[in-house]
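*Asks:* I need the structure of the sequence given here:
(one chain, ligands or ions: 2)
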Amino acid sequence: MAEVKLKKIYKAYTGKTQVVKNVNLQIHDKEFVVLVGPSGCGKSTTLRMIAGLEDITEGSIHIGDRLINDVPAKDRNIAMVFQNYALYPHMNVYANMAFALKLRKYSKADIDLRVTEAAEILGISHLVTRKPKEISGGERQRVAVGRAIVRKPDVFLFDEPLSNLDAKLRVQMRTELHKLHLKIQTTMIYVTHDQTEAMTLGDRIAVMKDGQVLQFDSPLDVYDNPINKFVAGFIGSPPMNFMNGKIVKDNGSLYFGEGKFRIKALGDMNSKLEKYIDKEVVFGIRPENIYDKLFASNATPDNTLNAICDVMETMGSENHLYLSTDKNTMVAVVEASNKPTIGSMVEVVFDMEKVHFFDPSTEETIV
Ligand SMILES: Nc1ncnc2c1ncn2[C@@H]1O[C@H](COP(=O)(O)OP(=O)(O)O)[C@@H](O)[C@H]1O
Ligand SMILES: [Mg+2]
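*Replies:* Ligands and ions are numbered 1, 2, ... in the order given. This next block holds a predicted model:
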């Protein structure tokens, strides 16, 4: 049983400003939680406070019922895997995995059982007699995870463990970590700056910026209902398109004015948009919610505008269209058969069920 609770956590390194500010997270037993955000936002610091590698300036951390603020790292029953996995070069894989258990004076038989089991789970049984320099980067990363598994910790902490691997291996190891979590059913807290890793691995993801957690939700909730413009733009690739314009009222209906064109808000958005009439807002739409009119069945004058197709990227399964109006630019992800001529006018249709509006000064979500 290892629920992890962070309550009003603050961190200031000596003589510096706060780098973690009022972080509150209640991580369930067996949950896989990802802390994601741009470099320098305080992810590693938060993780290191949980691990006991960094003092907590203010607030409390519980693992299960145990307050661990003053418990030394080695007594927290937590295992951490880092980006540079730092295996002992002179020891073989088996000895690397056994090392922490030896230090803790486990019996030879118990060590053997645990190392053999972990090696099997990770598919590295055939490598146990090799030295780190005799195995590949992906295999080394597996050994680093193996070192953590053998201890059967209450909680696993991962700090960007895949960043040193090439793109293909990263995707493969991501799937393996996912499977590992399903197999060993232990609480995992995983730090990354990569939103794709966060989306694919997390049961829930905490999006961080400037030392704060902006949103803590399931990946789909974060994707579909971002709390503000930063989260909306950070999660998703290619990122959400943002356009500036005014809300105007005409004949009882509200419209978003995009230069020469206007896009009609859906009726149920009106109550939230009323107070922005004649004011600037930021309109947000994801690339996959923009269609070429030739391929759309729901086009009306109220959700269609003209744009020039400046660039097309062919991805094989889909095309990315870089479009511009007289006022804004946007990216649309469309099916591979949808290939407008470069420089030509495209009539683009917005799926209005999927659009967002943000306040331009607070950046908070309006709709
Ligand atoms: N030991 C340290 N001493 C002083 N400042 C630090 C230390 N470690 C990290 N920081 C600062 O704290 C902020 C958060 O860093 P970090 O938690 O490593 O961010 P992330 O892991 O999200 O990239 C950064 O501004 C970083 O420069
Ligand atoms: Mg970091």
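
*Asks:* neighbouring contacts of the longest helix seen in the chain?
*Replies:* Secondary structure of the chain per DSSP state H: the longest helix is helix 167-184. Contacts to helix 167-184, defined as C-beta atoms under 8 Å, 6 or more residues apart in numbering, come from residues 32, 121-122, 137-138, 141-142, 145, 149, 158, 161-162, 165, 188, 190, 197, 200-201. C-beta: built from backbone N, CA, C; applies to glycine.

*Asks:* and the residue of the stretch 51-200 of the chain closest to ligand 1?
*Replies:* In the stretch 51-200 of the chain, the residue that lies nearest ligand 1 is Val191 (6.3 Å; C-beta to the nearest ligand atom).

*Asks:* skipping adjacent residues, who's closest to Asp55 in space?
*Replies:* The shortest distance from Asp55 to any non-neighbouring residue, by C-beta to C-beta, 6 or more residues apart in numbering, is to Met49 (7.5 Å).

*Asks:* the strand or helix carrying the one you found: what's the following helix or strand?
*Replies:* Taking DSSP states H and E as the definition, Met49 sits inside helix 43-51. The helix or strand immediately downstream of helix 43-51 is strand 58-63, counting by DSSP H and E.

*Asks:* neighbours of Arg104, how many?
*Replies:* Here the number of neighbours of Arg104 (other C-beta atoms under 10 Å) works out to 10.

*Asks:* picking that back up, gap between the helix holding Met49 and the chain center?
*Replies:* Its chain's average C-alpha position is 17 Å from that of helix 43-51, according to C-alpha atoms, centre = their mean, to the nearest Å.

*Asks:* and if you look at stretch 334-349?
*Replies:* Here stretch 334-349 is found 30 Å from its chain centre; the criterion is C-alpha atoms, centre = their mean.

*Asks:* what's the first-to-last distance across it?
*Replies:* End-to-end distance for stretch 334-349: 12 Å, by C-alpha to C-alpha, to the nearest Å.

*Asks:* sort out which residues of that stretch are buried, please.
*Replies:* In terms of neighbour count (16 or more other C-beta atoms under 10 Å), stretch 334-349 has its buried residues at Val334, Asn338, Pro340, Val346, Val348, Val349.

*Asks:* how long is stretch 103-113 end to end?
*Replies:* For stretch 103-113, the first-to-last residue distance is 16 Å (C-alpha to C-alpha).

*Asks:* hang on, the earlier thing: give me the buried subset of the contacts of helix 167-184.
*Replies:* Buried residues within the contacts of helix 167-184, counting neighbours by 16+ other C-beta under 10 Å: 32, 121-122, 138, 141-142, 145, 149, 158, 161-162, 165, 188, 190, 197, 201.

*Asks:* wait, Val334 sits on Asp292?
*Replies:* Yes - with contact defined as C-beta atoms under 8 Å, Val334 counts as touching Asp292 (5.8 Å).

*Asks:* now do the shared contacts for the two.
*Replies:* The contact sets of Val334 and Asp292 overlap at Leu321 (C-beta under 8 Å, 6+ apart).

*Asks:* I figured the residue nearest to Asp55 hits Val19, correct?
*Replies:* No - using C-beta under 8 Å, Met49 is not in contact with Val19; the gap is 10.7 Å.

*Asks:* mutual contacts of the two, please.
*Replies:* Jointly contacting Met49 and Val19 under the rule C-beta under 8 Å, 6+ apart are Lys11.

*Asks:* higher neighbour count, the two?
*Replies:* Between Met49 and Val19, Met49 has the larger neighbour count (other C-beta under 10 Å), namely 24 against 18.

*Asks:* which residues touch the more buried one?
*Replies:* Shown in contact with Met49 (C-beta under 8 Å, 6+ apart): Ile9, Lys11, Val20, Asp55, Ile56, Ile61.

*Asks:* repeat that for 7 Å
*Replies:* Ile9, Lys11, Ile56, Ile61 (C-beta atoms under 7 Å, 6 or more residues apart in numbering).

*Asks:* what of Glu258?
*Replies:* Contacts of Glu258 (C-beta under 7 Å, 6+ apart): Met243, Gly245, Leu305, Thr325, Lys327, Asn328.
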